[in-house]
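>>> Generate coordinates for the sequence data below:
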Amino acid sequence: MAGKFEISKSKNGKFMFNLKAGNGQVILTSEMYETKASAVQGVESCKKNGAMDERFEKATSKSGQPYFNLKASNGQVIGRSEMYASASSMENGIASVKTNAASASVKDLTEG
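Residues are numbered from 1 along each chain as shown. A predicted model of the protein is given here:
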């Protein structure tokens with residue numbers, strides 16, 4: 001099963017998206033956007049940048065858990081991963097974004 005993007009609207013009225021792997025697990029969560037059109041642009045940016053090694057910024061949380069950010073060419077964060085238990089799990093998450101992002105379908109959950 002292929003990956004997919006899901007665009008949704010939060011309780012505060014802003015829009016965001018999740019990239020889900022074929023198994024349904026969320027592998028990347030976007031920032032909040034003011035408009036749905038901006039969230040759609042974020043998805044397109046994720047598809048374009050998700051295949052490039054240099055767009056992934058690896059980091060460690062204050063509690064010592066590894067995670068990553070996917071950045072656009074201008075350095076802006078497109079999306080952030082979950083917190084991982086190990087660096088190898090984080091690397092698997094990055095690989096999953098690279099595998100799924102470019103060809104993922106888009107499901108708009110904001111439409112009835």
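>>> what pairs with the closest residue in space to Val40 that isn't next to it in sequence across the strands?
In space, Val40 comes closest to Ile7 once its chain neighbours are excluded; the distance is 6.9 Å by C-beta to C-beta, 6 or more residues apart in numbering. The C-beta positions use only the backbone N, C-alpha and C, and glycine is treated the same way. With DSSP bridges as the criterion, the beta-bridge partners of Ile7 are Phe17, Asp108.
>>> can you pull out the strands in this protein?
Counting by DSSP state E, the segments of the chain that form strands are 4-9, 15-20, 26-30, 56-60, 66-71, 77-80, 105-108.
>>> Which one of the ones you listed lies nearest to Lys47?
Ranking the strands of the chain by proximity to Lys47 (C-beta to C-beta) places strand 4-9 first, at 8.3 Å.
>>> So what touches that closest one?
Contacts to strand 4-9, defined as C-beta atoms under 8 Å, 6 or more residues apart in numbering, come from residues 15-20, 36, 39-40, 43, 46, 104-110.
>>> buried subset of those?
For these, a burial check counting by 16 or more other C-beta atoms under 10 Å picks out Phe15, Met16, Phe17, Asn18, Leu19, Lys20, Lys36, Ala39, Val40, Val43, Cys46, Ala104.
>>> Check those residues and tell me the two furthest apart.
Largest separation among these by C-beta to C-beta: Lys20 and Lys36, giving 18.5 Å.
>>> so can I have CSV of the buried ones among the contacts of strand 4-9 showing distance to Lys71 and pLDDT?
Compiled in CSV, these are given as follows (distance: C-beta to C-beta, whole Å; pLDDT from 0 to 100):
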residue, distance to Lys71, pLDDT
Phe15, 20, 97
Met16, 17, 97
Phe17, 16, 97
Asn18, 18, 97
Leu19, 15, 97
Lys20, 20, 95
Lys36, 22, 96
Ala39, 17, 96
Val40, 19, 96
Val43, 15, 97
Cys46, 10, 96
Ala104, 18, 95
